[in-house]
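> Sequence plus predicted model, see below.
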Amino acid sequence: MRILFTLLRKEFRQIIRNRMMLPVIFVIPVIQMVVLVYAASLEMKNVDMVVVDNSQSDASAKLVAHFTGSPFITVKGFFSTYDEAEKTVIRNESDVILRFNKNFETRLYNEGETEVQLVINAINATEAGLINAYCTQILADYNRQIRADWFDLYKGGLVNLDFTVAYWYNPLLDYKIYMFSGILVIVVTLVSMFLTALNLVREKELGTAEQMNVTPMKRYQFILAKLVPFLLIALFELAFGLVIGTVLFDLPIRGSLLVLFAMAVVFLIVTLGIGLFLSTVSNTQQQMMLAAFFFMITFIMMSGVFTPTDSMPVWAQKINIINPLAYFMKATRMILLKGSGFQDVAREFYSLLVYGSMILSVAILNYRKTT
């Protein structure tokens with residue numbers, strides 16, 4: 001144990017003396033957690049709309065007023081022809097066109113139904129889906145008002161039903177708390193995986209790894225001395241991130257922090273093992289960065305940070321079994337936002353435990369062969 005404590009003291013001193021390491025550990029994660037929560041939001045609050053009103057009626061004016069009153073949509077202008085309105089979309093000056101036919105009000109009053117056209121710029125499919133959802137909701141509200149005002153559907157003995165919608169776990173539909181929990185997982189992953197791999201590869205570049213290998217210390221002592229500091233640093237980042245989320249974003253912590261940190265430990269065993277493995281197959285820091293970049297981009301995009309993993313194709317969900325971020329991302333959100341207990345995340349916990357044991361064993365064996 002004396003040898004291990006000596007090595008750990010040496011590693012912590014080396015981290016403190018490295019001027020590049022401290023900003024990566026303390027400054028960059030804070031900036032990422034604060035900035036990316038807003039930058040990565042899928043909410044749209046500035047949808048630009050132009051109107052082609054060939055009806056010029058009271059009914060069309062009321063519908064336009066509904067869109068104008070929305071906090072998400074800005075009516076930028078009116079055009080007499082569709083071609084003029086389309087040019088604004090082509091020039092990226094507007095996102096959606098609202099078009100009325102000449103007989104819009106006549107059909108609505110005489111037949112009880114009519115048509116209105118929405119032309120949405122769908123270059124970005126995600127934005128187009130959100131714009132369509134916003135516009136559909138506004139049209140539904142307008143439709144209910146028209147039925148009540150014009151056709152007296154709620155008179156003559158019919159019952160007027162009021163619906164109240166409750167959103168569990170996120171009643172205000174605040175996207176920031178959903179995104180923050182995902183960004184927090186990514187930050188913890190970057191700190192643990194990248195810094196571990198960089199530290200070991202740096203030792204190989206400087207030649208000190210070979211010098212350490214010829215000393216009487218055991219190989220497991222050397223590995224533990226390399227992994228334990230970054231395990232503690234990553235846990236500190238997680239705790240510090242929870243404080244930032246609570247203070248700045250009102251992040252709810254409904255579940256047990258003990259369960260969350262237990263999940264974090266087994267997850268960090270996986271990421272530390274991956275970082276150790278990458279360091280064994282890389283001879284320079286540049287090689288390691290390229291390999292780590294490939295894995296990180298793949299893991300992040302398939303982790304469910306932006307969209308649910310259940311919406312991915314079946315073949316992608318099968319491949320996602322080897323993605324540790326998907327397990328920890330799901331468990332973190334369940335614990336923080338839903339208040340899930342250990343029994344609810346037991347599958348993810350034991351999956352990460354087996355995954356971490358395997359990858360860490362492979363990394364240690366491979367390190368032994370290459371050095």
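On my side now, so go ahead. Numbers count the residues shown, from 1 in each chain.
> hey, let's count contacts and neighbours off CA atoms from now on
Fine.
> which stretches of the stretch 201-350 of the chain form helices?
Taking DSSP state H, counting those that start in this stretch, the helices of the stretch 201-350 of the chain run over residues 208-213, 219-249, 257-280, 285-301, 314-319, 324-333, 346-370.
> buried sites along the longest one?
Neighbour counts over helix 219-249 (16 or more other C-alpha atoms under 10 Å) mark 221-223, 225-231, 233-235, 237-238, 240-242, 244-245, 249 as buried.
> which helices and strands sit right next to it?
With contacts taken as 3 or more C-alpha pairs under 8 Å, 6 or more residues apart in numbering; DSSP states H and E, helix 219-249 sits against helix 2-17, helix 28-39, helix 175-206, helix 257-280.
> And the last one, what does it pack against?
This means helix 257-280. Where contact means 3+ C-alpha pairs under 8 Å, 6+ apart, helix 257-280 is packed against helix 175-206, helix 219-249, helix 285-301, helix 324-333, helix 346-370.
> Repeat that for the first one.
With contacts defined as 3+ C-alpha pairs under 8 Å, 6+ apart, helix 2-17 has these neighbours: helix 21-22, helix 219-249.
> So which bits of that helix are buried?
Using 16+ other C-alpha under 10 Å as the test for burial, helix 2-17 gives 4, 7, 8, 11, 12, 15.
> what's in contact with that helix?
21, 22, 217, 221, 222, 224, 225, 226, 228, 229 (C-alpha atoms under 8 Å, 6 or more residues apart in numbering).
> could you redo the last one with a cut-off of 6 Å?
For helix 2-17, the surrounding residues in contact (C-alpha atoms under 6 Å, 6 or more residues apart in numbering) are 221, 225.
> so where is the stretch 51-200 of the chain shaky, pLDDT-wise?
Residues of the stretch 51-200 of the chain meeting the criterion pLDDT under 70: 150-166, 173.
> Spell out the residue ranges of the strands in it.
73-79, 96-100, 116-120 (DSSP state E, counting those that start in this stretch).
> Of these, which stretch is the most buried?
Among the strands of the stretch 51-200 of the chain, strand 96-100 has the highest mean neighbour count (mean count of other C-alpha atoms under 10 Å), at a mean of 24.
> report the angle between the axes of that one and strand 116-120?
In terms of direction (axes from the mean of the first three to the mean of the last three C-alpha atoms, to 10 degrees), strand 96-100 departs from strand 116-120 by 160 degrees.
> where's strand 96-100 relative to the chain centroid, distance-wise?
Counting by C-alpha atoms, centre = their mean, to the nearest Å, strand 96-100 is centred 32 Å from the centre of its parent chain.
> That one: partners in the sheet, and parallel or antiparallel?
With DSSP bridges as the test, strand 96-100 is paired with strand 47-53 (parallel), strand 116-120 (antiparallel).
> Show me the contact partners of the first one.
What it means is strand 47-53. For strand 47-53, using C-alpha under 6 Å, 6+ apart, the contacting residues are 72-80, 94-100.
> Kindly export it (C-alpha atoms) in PDB.
The C-alpha coordinates for strand 47-53 follow below in PDB (Å, rounded to 0.1, in the frame of the first residue of the first chain):
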ATOM      1  CA  VAL A  47     -40.100  31.300 -36.300                       C
ATOM      2  CA  ASP A  48     -40.500  33.800 -39.200                       C
ATOM      3  CA  MET A  49     -43.800  33.600 -41.100                       C
ATOM      4  CA  VAL A  50     -45.100  35.400 -44.200                       C
ATOM      5  CA  VAL A  51     -48.700  35.400 -45.200                       C
ATOM      6  CA  VAL A  52     -50.400  35.200 -48.600                       C
ATOM      7  CA  ASP A  53     -54.000  36.200 -47.900                       C
END
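> That one relative to strand 73-79, how many degrees between them?
30 degrees.
> quick one: buried residues of strand 47-53?
Buried residues in strand 47-53, defined by neighbour count with 16+ other C-alpha under 10 Å: 47, 48, 49, 50, 51, 52, 53.
> Show me how far that strand is from its chain's centre.
Centroid separation between strand 47-53 and its chain, computed with C-alpha atoms, centre = their mean, is 31 Å.
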